[in-house]
Each structure stands twice: as structure tokens, then as C-alpha cells.
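Build the 3D model from these lines:
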Amino acid sequence: MSLKTALLIILLIWGLPSTYFRSKFRKIVYNTNDWKINLKPIFFKEIRGLLFNIFPNDKKYIKSRNDYRIYLFIYLILFILYSNIN
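Predicted coordinates for the structure are as follows:
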């Protein structure tokens, strides 16, 4: 198995928990428990919540945001590695 194939498999496996992290984060940002929030293409408040501190006193939001940031950062590193391997 080549390194590129191995990285593709790792990238696909690493992508599986994305729905969990995004769903948890979106439910906090949009203040809802409705599962349909995951289907709606609402991005602006979500992106603002990811990049900035929109609820500075909410520890649940801060933990979820930081977990999601770490997850996305590792995903980005894996993607860059995969796309730059010949």
C-alpha cells in the first residue's frame, strides 16, 4: 500500500466523527436541540462562533469550540499531506 493510499484511508476515517463535532457545536451556537440544524446551510454564525468567542461565559461552548478547532486543524493537516504527496 502506498503512502498516498494510506493517507486517503486515514483521511476518510478521520472524517467520520465530523458530523458529531459539527452537530454538537451547531446546537450550542444556534441554541437548539433540533436535529434538523445539521441539514440547514447556515454558516455565518457558525463560522463566527468557530473563529471568535461569541459566548465568553459558556464553558460548554468554549470546550465544544476548542474540540472542533483541534479536530478541523488535524483534518486540514491530513488533507494538506494527502494533496502534496506525489
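
Can you give me the buried ones in the top helix by length along the chain?
In the chain, with assignment by DSSP state H, the single longest helix is helix 59-84. In terms of neighbour count (16 or more other Cβ atoms under 10 Å), helix 59-84 has its buried residues at Tyr61, Ser64, Arg65, Tyr68, Tyr71, Tyr75, Leu78, Tyr82. Where you see a C-beta, it was placed from the backbone N, CA and C, and this is true even at glycine.

out of those residues, what pair is the most spread apart?
Tyr61 and Tyr82 (31.1 Å; Cβ to Cβ).

which SS state does Ile42 fall under?
coil (DSSP: H, G, I helix; E, B strand; the rest coil).

Just give the number of residues close to the residue lying closest to it once chain neighbours are set aside.
Nearest residue to Ile42 in three dimensions, chain neighbours excluded: Tyr30, at 7.0 Å (Cβ to Cβ, 6 or more residues apart in numbering). If you count neighbours by other Cβ atoms under 10 Å, Tyr30 ends up with 15.

Same check on Ile54?
Residues near Ile54, counting by other Cβ under 10 Å: 14.

Same question for Trp35.
For Trp35, the neighbour count with other Cβ under 10 Å is 9.
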